[in-house]
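Asks: Could you work out the structure for the sequence below:
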Amino acid sequence: MNNSITPPPVRSPCVKVCELDPQNGLCRGCHRTQDERDWWVAYSNVQQREVLQRCEQRRAVLARGGGELAPNMGIVAPRRSK
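Replies: Numbering: from 1, shown residues only. I've put the predicted structure just below:
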């Protein structure tokens, strides 16, 4: 019997406000970069959680009115091989 617990899938942070801010390159709704939006489904659960942390950091920086934004997660190899 396998007692390992499968973690629940990570929900996308999308809030249906899909518009990139030209000043910072972030989605105005979820604070992801274009790469992070495009590659969301290819990221592993761990990578998706990392993107969520970056989004929260960016949201906080923008709310404060300044500071260094978390870097782009970027393009990664898909988690499933074909």
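Asks: Find the residue at the geometric middle of this structure.
Replies: In the chain, the residue lying closest to the centroid (Cα atoms, centre = their mean) is V51, at 3.2 Å.
Asks: shouldn't that residue be in contact with W40?
Replies: Yes: taking contacts as Cβ atoms under 8 Å, V51 lies within contact range of W40: 7.3 Å. In short, each C-beta sits where N, CA and C put it, glycine included.
Asks: hey, what's in contact with both of these two?
Replies: Residues touching both V51 and W40 (Cβ atoms under 8 Å, 6 or more residues apart in numbering) are R32.
Asks: Would you mark the buried spots in the longest helix belonging to the chain?
Replies: The single longest helix within the chain, with elements called by DSSP state H, is helix 45-64. By 16 or more other Cβ atoms under 10 Å, the buried positions in helix 45-64 come out as Q47, Q48, V51, L52, R54, C55, R58, R59, V61, L62.
Asks: List the residues that contact the nearest residue to the fifth one once chain neighbours are set aside.
Replies: Put plainly, it is R54. Nearest residue to R54, sequence neighbours excluded (Cβ to Cβ, 6 or more residues apart in numbering): A70, at 3.8 Å. Going by Cβ under 8 Å, 6+ apart, A70 touches Q53, R54, C55, Q57, R58, V61.
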